[in-house]
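**Student:** got a predicted model here, sequence first, then my questions.
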Amino acid sequence: MKIKVAVVGLGKMGLMHSCIFNMMDDVELVAVCEINGLVRKFAKKMIPNIAFVENLEELKIMALDALCITTPPSSHFLLIKTSYEKKIAQHIFTEKPLAINNIQAEELISLASRTGGVNMVGYHRRFSVTFCKAKQLLESGAIGYPMSFKGHAYSADFLKAKTAKQAINRGGVIEDSGCHVIDIALWLFGDMEPIHASVKTIIGEDSEDEAYIEVKTAGGLIGELNASWCKEGYRLPDMCLSIIGDKGTLMVNEDNVQLTINGIKNIWYKHDLNDVVPFFIGGSEYQRQDQMFIKAIKEGIKAEPNFYTAAKIHKMVDAVNLMARSQNNENR
Amino acid sequence: MKTDRILLVGDNAFHGISHLSQERAISRGKNLFNPEYAAGLVNTALDNGADGFMFSVSDMTLSIIRIVCAHRKPKSVKLYAIVPYVFEFVRMAVTEGGIPGLSKKIGKDIIISANFNSIIYGTKGLITTDPSSLLKAYLLYEESRIRRAAGKGGDLSSIFLHEVVSDMGISLNLEWLFKSHIELLQKRGIKPGIHTHNLPILVERLNEWRIDLDKIALTTQFNSLGFGMTPSREKCEQVLQDIQGNDIIGYGLLASGYVKIIDALKYINGLPQLKTLALGISNEQQAKETFKFIKREINIY
């Protein structure tokens, strides 16, 4: 029996997930929900055998198993809530972030636990072969006891932006790309909280374009996380984490993992890490992520990262924003 | 020993791409983003064994072509274009307001280009909501940009649909996309090309749709590691065997510098079906030596 899926939102992420789901043997991509009339009109002509609807509630008659939400972050809360309340689909995957703050995230967790089913949030870096290798090395004690870490999420997305409109629509650099580095830090080191944070405006109009966060984990480990979407030279978004342990150091980014012990460096490139998927579009990590969502539905297991995990990121981001704003007010 | 294989200069380095590491791409320096400097490298490569240039169509690569082709004999530089330049489109979708914003931007560019045929197709596409007409409008617009930049020195051999578009096409069964692309380019006297990351699935779909493989060119990665070869190196090589005689362009032979050139040559020699090879260069020494070396040594290893 195939899992019946609908995708909500036909932007670049919606298109990519539609392609991935449509290529899976155990999935039937039944419909796409898109609010923009012109996009919908063209999409209907472009993509045969898939229904296009304007409103989420039109999906109810399709007896869906799962929804994949790829609309802008500000719409996630209402779409997920409506989907649970109107019983549109039991299993929900949403692109990150889960919501716009922790209050919304907590409400969605409670709704999800009442409804049951699989829930998952698109923090796709966890499915990258290099970050998986880093986690494995860290857990095997390759660098001994971690003493500190430093990470960044950089891109040049808004380096040449003339106005801050689109940047503001994306909610700020911490919510947009900084949340990925927070997610990976939480995944590798467990719960943490910010002890110092600052946010800078570069484009103007109160857009949040650069962020610095100092964090402390529950185990007392100190780390530093940086995010910017106005970074020169970063044609592709780059995420990197360096960890210093008492026996060596570990550095990981999208392309490779570097382990240094007693001055001897071992490097594993993506090429070495069997980065193979049955169908490639956009990046192999997206394929593995969607595969996990479907596997969790079929086997009745929990998916990771789920709403609960995503709420931890919101908790961190909310605390950072609060801290940064009070810091900025003090500076004024 | 001479080879009859066509060798093309790839453009990744001029866009700041290294599939081995982003650090490496950044450390190559800003010179590579200067069209004069990049055109100098392409010219050196052409003087030392390369037959043409394979590129994503962007302002940067069009500037390179303008400089390179200005001083070449008529039709002496083979040009293999890939459209759209997806990175720029994704960036614009982010900064210009999603797919509707991006579409408006492209529409405006087409109107400014004053390409009559492109405007006709575009208008027809909008009035009748016909995606095929819109695709043709876009392809004509890109063709006119390339021809304007290339002048008489360039020989526009092929225009490829970028892998993101073609792989989306195969996954969503967009038969019309491939057929419209092929139909238009054949009328224009240009070989239609398809760039893919999923060669076996693409070929399976094209056969289902009865698209004649003899009339098109395909380009995808081939290297001894199997890097970027989906779903596996073996399956991609098998397809290459099955469709031999067709125009297949292999790139990624050095897996972004991970594979040594001699090992890449040994691998390529086992695949005589790959008649055209594209290799990136990022400095003067590579521009001087890479293509000369391949032409000299390819049949030895």
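**Tutor:** In hand now; what should we look at? Numbering: from 1, shown residues only, chains lettered A, B, ... in the order given.
**Student:** count the residues that sit near the nearest residue to B:Asn223 once chain neighbours are set aside.
**Tutor:** Spatial nearest neighbour of B:Asn223, excluding adjacent residues (C-beta to C-beta, 6 or more residues apart in numbering or on different chains): B:Ala255 at 4.5 Å. Just so you know, the C-beta spots here come from the backbone N, C-alpha and C atoms, and that holds for glycine as well. Residues near B:Ala255, counting by other C-beta atoms under 10 Å in any protein chain shown, number 22.
**Student:** wait, B:Ala255 touches A:Asp272, no?
**Tutor:** No - counting by C-beta atoms under 8 Å, B:Ala255 stays clear of A:Asp272, with 10.7 Å between them.
**Student:** the one helix or strand in chain A whose mean pLDDT sits lowest vs chain B: in contact?
**Tutor:** Ranking every helix and strand in chain A by mean pLDDT, DSSP states H and E puts helix A:165-169 at the bottom, with a mean of 78. Yes - using C-beta under 8 Å from any C-beta of the partner chain, helix A:165-169 reaches chain B at A:Gln166.
**Student:** check contacts around residue 122.
**Tutor:** Just so you know, I chose chain A. For A:Gly122, the contacting residues are A:13, A:93-96, A:289, by C-beta atoms under 8 Å, 6 or more residues apart in numbering or on different chains.
**Student:** actually it's chain B I care about, not the one you picked
**Tutor:** B:107, B:110, B:133-134, B:137-138.
**Student:** check which residues of stretch A:294-301 are buried.
**Tutor:** A:294, A:296-297 (16 or more other C-beta atoms under 10 Å in any protein chain shown).
**Student:** quick revisit: now render the contacts of B:Gly122 as JSON lines, adding neighbour count and distance to chain A.
**Tutor:** Formatted as JSON lines, the contacts of B:Gly122 follow (neighbours: other C-beta atoms under 10 Å in any protein chain shown; distance: C-beta to the nearest C-beta, whole Å):
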{"residue": "B:Gly107", "neighbour count": "19", "distance to chain A": "12"}
{"residue": "B:Ile110", "neighbour count": "22", "distance to chain A": "16"}
{"residue": "B:Ser133", "neighbour count": "19", "distance to chain A": "11"}
{"residue": "B:Leu134", "neighbour count": "24", "distance to chain A": "8"}
{"residue": "B:Ala137", "neighbour count": "25", "distance to chain A": "13"}
{"residue": "B:Tyr138", "neighbour count": "20", "distance to chain A": "13"}
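**Student:** just the residues you listed: which are in helices?
**Tutor:** Taking DSSP state H as the definition of helices, the contacts of B:Gly122 contribute B:107, B:110, B:133-134, B:137-138.
**Student:** do a quick rundown of the strands in the stretch 1-150 of chain A.
**Tutor:** With DSSP state E, counting those that start in this stretch, the ranges of strands along the stretch 1-150 of chain A come out as A:3-8, A:27-33, A:51-53, A:66-69, A:91-95, A:119-122, A:146-154.
**Student:** same thing with chain B?
**Tutor:** Assigned by DSSP state E, the strands in chain B fall at B:6-10, B:52-56, B:77-83, B:154-161, B:191-195, B:217-221, B:247-251, B:276-280.
**Student:** hey, C-alpha coordinates of the second one in CSV?
**Tutor:** Output in CSV follows, covering the C-alpha atoms of strand B:52-56 (Å, rounded to 0.1, in the frame of the first residue of the first chain):
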residue,chain,number,x,y,z
GLY,B,52,35.6,24.5,-26.8
PHE,B,53,33.9,25.8,-23.7
MET,B,54,31.1,24.3,-21.6
PHE,B,55,29.3,26.8,-19.4
SER,B,56,26.2,27.8,-17.5
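**Student:** thinking again about what came up before, and which of the contacts of A:Gly122 is nearest to chain B?
**Tutor:** The nearest member of those to chain B, counting by C-beta to the nearest C-beta, is A:Met13 at 10.2 Å.
**Student:** what residues are up against that closest one?
**Tutor:** Contacts of A:Met13 (C-beta under 8 Å, 6+ apart): A:70, A:95, A:122.
**Student:** just A:Gly171 next, same as before
**Tutor:** A:73-74, A:97, A:100.
**Student:** please redo it, this time with the cut-off set to 6 Å
**Tutor:** A:Pro73 (C-beta atoms under 6 Å, 6 or more residues apart in numbering or on different chains).
**Student:** now the farthest one out in chain B, which residue is it?
**Tutor:** B:Ile127 (31.3 Å; C-alpha atoms, centre = their mean).
**Student:** that one and B:Leu134: what is the separation?
**Tutor:** Look at B:Ile127 and B:Leu134: by C-beta to C-beta, to the nearest Å, they are 11 Å apart.
**Student:** ok, back up a step: what comes up buried for the least confident helix or strand of chain A?
**Tutor:** A:166-167.
**Student:** CA atoms only: put it into CSV for me.
**Tutor:** Extracted C-alpha coordinates of helix A:165-169, given in CSV (Å, rounded to 0.1, in the frame of the first residue of the first chain):
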residue,chain,number,x,y,z
LYS,A,165,12.2,43.3,2.4
GLN,A,166,12.9,39.7,1.5
ALA,A,167,15.4,39.3,4.3
ILE,A,168,12.8,40.5,6.8
ASN,A,169,10.2,38.1,5.2
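**Student:** now do the spatially most central residue of chain A against A:Lys298, distance only.
**Tutor:** For chain A, A:Tyr123 is the residue whose C-alpha lies nearest the centre (C-alpha atoms, centre = their mean; 2.6 Å). For A:Tyr123, the distance to A:Lys298 (C-beta to C-beta) stands at 21 Å.
**Student:** same check, this time on A:Gly282
**Tutor:** The spacing between A:Gly282 and A:Lys298, counted by C-beta to C-beta, is 23 Å.
**Student:** any idea of the pLDDT on A:Met147?
**Tutor:** At A:Met147, the pLDDT value in this model is 97.
**Student:** nearest spatial neighbour of it, skipping sequence neighbours?
**Tutor:** A:Met147 sits nearest to A:Ile244 (C-beta to C-beta, 6+ apart), 5.1 Å away.
**Student:** ditto for B:Gly52
**Tutor:** Distances taken as C-beta to C-beta, 6+ apart put B:Lys78 closest to B:Gly52, at 2.9 Å, once the chain neighbours are dropped.
**Student:** let's see the ChimeraX selection covering just the buried ones among the contacts of A:Gly122.
**Tutor:** Burial among the contacts of A:Gly122 is assessed by 16+ other C-beta under 10 Å; the matching ChimeraX selection reads:
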select /A:13,93,94,95,96,289
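**Student:** what's the closest of the contacts of A:Gly122 to B:Glu204?
**Tutor:** A:Gln289 (25.1 Å; C-beta to C-beta).
**Student:** quick check on the closest one: phi, psi?
**Tutor:** When read as degrees, to the nearest 10, the backbone of A:Gln289 gives phi -60, psi -50.
**Student:** right, I'll call it a day here.
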